[in-house]
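**Q** coordinates only, sequence not included:
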């Protein structure tokens, strides 16, 4: 049996993605308001499997995804090996334009 050790940021990203995904399945409108998601982000996150969430978190590494970045869907849909470098290269910009 192998164990994956997550950093604090990876753990937060994984938990936030899992909570948001579950919320989107039960009450999409409320979840979007609560977490500041737009429609494109919500649809993309709702369709991810738990295995895909784990893979994304591990490949993105120590870059926070929350509050939701404007490029969240681009990061999540990028090839796994490129997601981490892309997150580092592009500064995190929030949906309201603040950094």
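**A** Received, thanks. Just so it is clear, the model here is predicted, and its values are computed rather than measured.

**Q** drop to CA atoms for contacts and neighbour counts, all remaining ones
**A** Fine.

**Q** now do residue 33 against residue 42, distance only.
**A** Relative to residue 42, residue 33 is positioned 11 Å away (criterion: Cα to Cα, to the nearest Å).

**Q** neighbour-wise, which of these two wins?
**A** In terms of neighbours (other Cα atoms under 10 Å), residue 42 is the more surrounded of residue 33 and residue 42; the figures are 21 against 10.

**Q** where are the low-confidence patches of this structure?
**A** Across the chain, the ranges flagged by pLDDT under 70 are 1-2, 91-99.

**Q** list the contacts of the longest helix belonging to the chain.
**A** Taking DSSP state H as the assignment, the helix of the chain that covers the most residues is helix 8-26. Outside of helix 8-26, the residues within contact range by Cα atoms under 8 Å, 6 or more residues apart in numbering are 31-32, 35, 42, 45-46, 48, 50, 53-54, 57-58, 61-66.

**Q** ranges for the helices of the chain?
**A** Residue ranges of the helices in the chain, as given by DSSP H, are 8-26, 28-35, 39-46, 50-60, 72-77, 80-89.

**Q** check which residues of the fifth one are buried.
**A** For helix 72-77, a neighbour-count test (16 or more other Cα atoms under 10 Å) marks 72, 73, 75, 76 as buried.

**Q** would a markdown table of the residues you listed with distance to residue 21 be doable?
**A** Written out in a markdown table, the entries for these read as follows (distance: Cα to Cα, whole Å):
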| residue | distance to residue 21 |
| --- | --- |
| 72 | 14 |
| 73 | 14 |
| 75 | 16 |
| 76 | 13 |
